[in-house]
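Asker: Model the following, please.
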Amino acid sequence: MAARDVVEQQDQPWSRQRLRSTNERLLLARLRAHGSASRAQLARETGLSKPTVSSALAALAAAGLVREAGTHAPERGRTAVLYAPDPAAGYVLGVDVGRGWLRVAVADLDGTLVTRSDVRNRARGSAAMADLLVTTARRAVADSGVDPAEVVHGVVGTPGVYDERQRRVRYAMHLPGWGRAGLFDRMREELGVPLEVHNDANLAALGEYTYGAGAGSRLFAYIMIGTGLGMGVVSEGRLFTGAHGLAGEIGFLPWPGQPEPERLEDAVSGEAVVEAARRFGMSGQLTAKSVFDAARQGDPAAVRAVRLEGERIAHTVAAAAAVLDPDLVVLGGGVGHSVDLLLRPVREHLRTLTPLRPKLAPGRLGEDAVLLGAVATALGTARDLVFERRSTAS
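Answerer: Take a look at the predicted model:
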């Protein structure tokens with residue numbers, strides 16, 4: 001029996017209903033993946049009959065999930081109507097919580113940002129930070145003109161790891177009080193939006209895989225170097241988080257510092273660059289950015305500090321290469337923005353450390369990596385929620 005016969009000829013009522021839903025999902029997935037198409041084209045590409053395609057498209061259109069997206073006039077034959085997913089069928093919220101900045105975006109189901117808001121994070125405690133997140137998210141939704149009820153799902157990226165059982169963030173050392181139990185429950189309630197919480201480096205990795213440097217990679221590691229140090233690993237398009245969500249927490253690796261052993265995060269970060277620059281003779285109000293800027297101008301102390309950071313990053317890459325065997329390592333985060341100065345010392349030192357040398361590349365998304373990863377992750381859940389909600393209602 002042909003596959004189409006199996007799909008289309010079952011006759012129990014419950015089977016027909018499930019079959020209709022399966023066919024509608026199939027067509028919607030095809031339209032999302034490859035763009036607008038006609039009935040005839042969808043029938044050819046999915047193996048469904050033209051009547052089945054027509055019926056499924058009519059149901060999707062009635063539910064507000066697809067819309068007419070123009071016409072196609074072939075050289076021979078009749079003009080065909082093209083169909084595409086309706087991006088306004090629902091919306092998602094993406095949030096990036098950092099020590100310096102809070103970034104919030106509202107996106108439609110195509111992943112297009114409708115609006116975004118970037119505000120300085122001057123909160124000095126967990127309650128104030130939660131208030132800032134809720135206020136900024138509400139303002140972003142209001143500015144978008146979207147009905148708040150149409151925002152069906154949200155994803156928050158944060159330093160640390162969210163513990164579902166204890167309902168709190170762990171290991172967010174740079175955000176005092178952020179690990180308080182129940183904090184995200186309060187934000188969910190005040191926003192009226194289901195919120196997932198994920199590690200920021202993991203989301204940045206997904207952002208670079210979906211929209212940036214990691215696209216098409218079989219297995220790549222995103223190393224986030226900024227206030228802290230983290231790594232996200234994407235294998236075959238899926239995030240690898242380990243047994244307890246702690247995979248990629250490379251900042252906890254030991255580093256043989258003086259006079260006491262340190263963590264790798266103490267050696268590879270923006271603060272480490274500043275400390276090295278001071279040790280080599282720079283003075284005044286220093287930031288990682290100012291040190292890198294000075295290195296571009298040839299300041300000897302800054303050049304030495306940047307080179308030392310490159311050598312330390314090489315140790316991080318060597319560890320990732322030995323454990324993961326990635327085909328690509330992407331450098332991102334605040335320090336990663338100056339990867340133009342870092343790639344050469346990283347590559348040179350890597351040759352002295354290991355024969356394992358994965359391809360290195362700078363991140364393409366810059367400061368938007370976490371935010372776009374949050375949006376991409378939210379879309380995966382939101383599209384299913386919208387389909388269920390609208391198909392049931394229709």
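Asker: Give me the residues contacting stretch 108-124.
Answerer: 85-92, 97-107, 129, 131-132, 136, 139-140, 143-146, 176, 371, 375-376, 379, 382-383, 386 (CB atoms under 8 Å, 6 or more residues apart in numbering). To be clear about C-beta, it is placed using only N, CA and C from the backbone, and glycine gets the same treatment.
Asker: Now, those residues that are in helices?
Answerer: Among the contacts of stretch 108-124, the members falling in helices (DSSP state H) are 129, 131-132, 136, 139-140, 143-144, 371, 375-376, 379, 382-383, 386.
Asker: In this model Gly228 seems to touch Met173, though I could be wrong.
Answerer: Yes - between Met173 and Gly228 a contact is recorded at 7.4 Å, counting by CB atoms under 8 Å.
Asker: follow-up on the earlier one: buried subset of the ones in helices among the contacts of stretch 108-124?
Answerer: Among these, the ones that count as buried by 16 or more other CB atoms under 10 Å are 129, 132, 136, 140, 144, 371, 375-376, 379, 382-383, 386.
Asker: Adding pLDDT and distance to Gly207, write those residues out as JSON lines.
Answerer: As requested, those are exported to JSON lines (pLDDT from 0 to 100; distance: CB to CB, whole Å):
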{"residue": "Met129", "pLDDT": "93", "distance to Gly207": "22"}
{"residue": "Leu132", "pLDDT": "95", "distance to Gly207": "22"}
{"residue": "Thr136", "pLDDT": "97", "distance to Gly207": "19"}
{"residue": "Ala140", "pLDDT": "97", "distance to Gly207": "18"}
{"residue": "Ser144", "pLDDT": "95", "distance to Gly207": "20"}
{"residue": "Leu371", "pLDDT": "97", "distance to Gly207": "7"}
{"residue": "Val375", "pLDDT": "97", "distance to Gly207": "8"}
{"residue": "Ala376", "pLDDT": "95", "distance to Gly207": "6"}
{"residue": "Leu379", "pLDDT": "96", "distance to Gly207": "12"}
{"residue": "Ala382", "pLDDT": "96", "distance to Gly207": "16"}
{"residue": "Arg383", "pLDDT": "96", "distance to Gly207": "18"}
{"residue": "Val386", "pLDDT": "95", "distance to Gly207": "22"}
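Asker: re the thing from before, more neighbours, Met173 and Gly228?
Answerer: Gly228 (26 against 14; other CB atoms under 10 Å).
Asker: which ones are touching the more buried one?
Answerer: 159, 173-174, 251, 265, 269.
Asker: Local confidence estimate at it?
Answerer: Listed pLDDT for Gly228 reads 84.
Asker: swap in the one 3 residues further on?
Answerer: At Met231 the predicted local confidence, pLDDT, stands at 96.
Asker: what's the distance between the nearest residue to Glu24 once chain neighbours are set aside and Leu191?
Answerer: Excluding the flanking residues, the one nearest Glu24 by CB to CB, 6 or more residues apart in numbering is Ala56, at 4.8 Å. Separation of Ala56 from Leu191 (CB to CB, to the nearest Å): 34 Å.
Asker: Which one of the two is surrounded by more residues?
Answerer: Per other CB under 10 Å, whichever of Ala56 and Leu191 has more neighbours is Ala56, with 25 against 19.
Asker: wait, doesn't the more buried one sit right on Asn23?
Answerer: Yes - using CB under 8 Å, Ala56 is in contact with Asn23, at 4.7 Å.
Asker: Going by residue numbers, what spans are strands in the stretch 201-350 of the chain?
Answerer: With DSSP state E, counting those that start in this stretch, the ranges of strands along the stretch 201-350 of the chain come out as 219-225, 229-235, 238-240, 254-255, 262-263, 328-332.
Asker: To Ala213, which of those lies closest?
Answerer: strand 328-332 (4.9 Å; CB to CB).
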